[in-house]
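J.: Predicted model follows, preceded by the sequence.
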Amino acid sequence: MRPTLLPVLLAGLIGLVVSLKAQSMDQIGRLGVGMTQALKNDMPALSFKLQRSPAFAMGGLLGMSTSDDDGGYGAGLKLYRIFFDEPQLNFYGAAMGALIKEKTLTRTRSGFQFDFTLGSEFAFSGLQSLGFSFEFGLSLNKLDDFVVETVGYHFVVAAIHFYL
């Protein structure tokens, strides 16, 4: 009897995995528009994310202020590699490259930022059009000095996207 139990268990496990994939967040081809505050010059930025396939997504961010005393800009691109997909959540790795500028009354600084992070985007059941993200990893950035630092972005800072 035992040799026939293994194929039944294996078929059940495959069926469970296939059914979970069918119920996963289907964002392929949908454009997510929202906000992020992950730039090192603390500039709030508009953010977009487009999932091109089940495994890859691309995004960008743009923030600016013309204020004389607390202005500047930040613009960057971001690539996502989705490792694990669940019904209301996916787990991904991301790489971001951005140009940043910060100006105050006394000085103007410009530089760059490269982030290499792992993160997750989740949605509430029945509200799949709204995605909340959190990320953690490393940031290599330069405004005054070149700095390598660990980062942890909670969902208010990492990104909130509304999928069209």
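T.: Thanks, I have it. Numbers count the residues shown, from 1 in each chain.
J.: from what I can see Gly71 touches Thr108, true?
T.: No. Gly71 is not in contact with Thr108 according to Cβ atoms under 8 Å; the separation is 9.0 Å. Every residue, glycine included, has its C-beta placed from N, CA and C.
J.: what's the next secondary structure element after the helix or strand of the chain with the lowest mean pLDDT?
T.: Ranked by mean pLDDT, DSSP states H and E, the weakest helix or strand in the chain is helix 2-22, scoring a mean of 49. Where DSSP states H and E defines the elements, the next helix or strand beyond helix 2-22 is strand 31-36.
J.: Who are the packing partners of that next one?
T.: strand 45-51, strand 159-163 (3 or more Cβ pairs under 8 Å, 6 or more residues apart in numbering; DSSP states H and E).
J.: pLDDT weak spots in the chain?
T.: Within the chain, the stretches with pLDDT under 70 are 1-27.
J.: swap the cut-off to 80 and go again
T.: 1-27, 68, 155-156 (pLDDT under 80).
J.: rewinding a little: now the helices and strands packed on strand 31-36 in JSON lines, with mean neighbour count?
T.: Below are the helices and strands packed on strand 31-36 laid out as JSON lines (neighbours: other Cβ atoms under 10 Å):
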{"stretch": "strand 45-51", "mean neighbour count": "20"}
{"stretch": "strand 159-163", "mean neighbour count": "20"}
